[in-house]
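Q: Predicted model follows, preceded by the sequence.
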Amino acid sequence: MMCCLQGNFSGTAMLGVLVLLSLTSLVALVPSHVPCRHCCDPLETPEGSGAQPPTETQISHVPEIRTYINMTILKGDKGERGDRGTLGKAGPEGPPGSRGPMGSKGTKGQSGLPGDPCKVQYSAFSVGRRKSLHSLESYQAIVFDTVFVNLDDHFNMFNGKFLCHVPGIYFFNVNIHTWNFKETYLHIMHNDTEQAIVYAQPSDRSIMQSQSLMLELKLKDEVWVRLYKRERENAIYSDDVDVYITFNGYLVKGSAEGN
């Protein structure tokens, strides 16, 4: 029984000695001459206090206090949008895109302004003859002595021929009065080619005869009326009082050649 008590006492005493030595070593590490300071105290010693300022060694053992602010909890409201910056330089041109689908048909546009009236071309004539005419040994071009209309002098009053200045489609008409007991025989000529005939058989009564046609003319073409030669005894009648013989023509539609 005594042996057990001695053993327990010896172990307890040994443990107490070890704890005492540990505390002694910790106390030895802390300088006994360093005064206790608060973190809010000034580092320098106030004048007149009689205290010695701390040395560098003492200051180095003062724990450093760092303030950490959590910025996430200090986030404010969203600010207003700033002014638009200046426009930067244009970048390089990109490759062309693919062709898009065809759009819907647009509405009809307004009518354009009238064309230049100077581009509208005209040609017309109407002439008459106040003298009778009998056939000769050769063909005769009927020459007219009365002008009703002759735009730009396209009809030549000296040779009785219309000269085409505006190519296109023309309408022509001839009116004559026959002579009693004589044949009437005329041709409407296109250059040197007969195109239509004006004819009346001999009769004891004179009558009015007429012929009309349309011709497509080129520039410088001629249209005229020809009286047949004497082998067919013929004549046309007129007098100084009334006009019995007339020749008329006008442009119906100009061709692309004349535009």
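A: Everything's here; your move. Owing to the predicted nature of the structure, the values given are computational and were not obtained by experimental measurement.

Q: Run through this structure and note the low-pLDDT ranges.
A: In the predicted model of the chain, residues 1-64, 67-75, 115-119, 257-259 satisfy pLDDT under 70.

Q: I'd assumed G168 was in contact with S255.
A: Yes: using CB atoms under 8 Å, S255 is in contact with G168, at 4.6 Å. C-beta coordinates here come from the backbone N, C-alpha and C atoms, glycine included.

Q: What sits closest to V252 if chain neighbours are left out?
A: Distances taken as CB to CB, 6 or more residues apart in numbering put I169 closest to V252, at 4.4 Å, once the chain neighbours are dropped.

Q: What residues sit buried inside the helix or strand hosting that neighbour?
A: Element membership for I169 (DSSP states H and E) is strand 168-177. By 16 or more other CB atoms under 10 Å, the buried positions in strand 168-177 come out as 168, 170, 172, 174-177.

Q: can I get the residues you listed in CSV with distance to I207?
A: As requested, the buried residues of strand 168-177 are exported to CSV (distance: CB to CB, whole Å):
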residue, distance to I207
G168, 34
Y170, 27
F172, 21
V174, 14
N175, 11
I176, 10
H177, 8
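
Q: pretty sure M102 is in a helix, no?
A: No: secondary structure of M102 (DSSP: H, G, I helix; E, B strand; the rest coil): coil, not part of a helix.

Q: how close does it sit to P95?
A: 22 Å (CB to CB, to the nearest Å).

Q: How about S126?
A: 70 Å.

Q: same question, E216
A: From E216 to P95 the distance is 56 Å (CB to CB).

Q: which of the two has more neighbours?
A: Neighbours were counted for E216 and for P95 using other CB atoms under 10 Å; E216 has more, 13 against 4.

Q: Dig out what that one forms beta bridges with.
A: Beta bridges link E216 to I169, judged by DSSP bridges.
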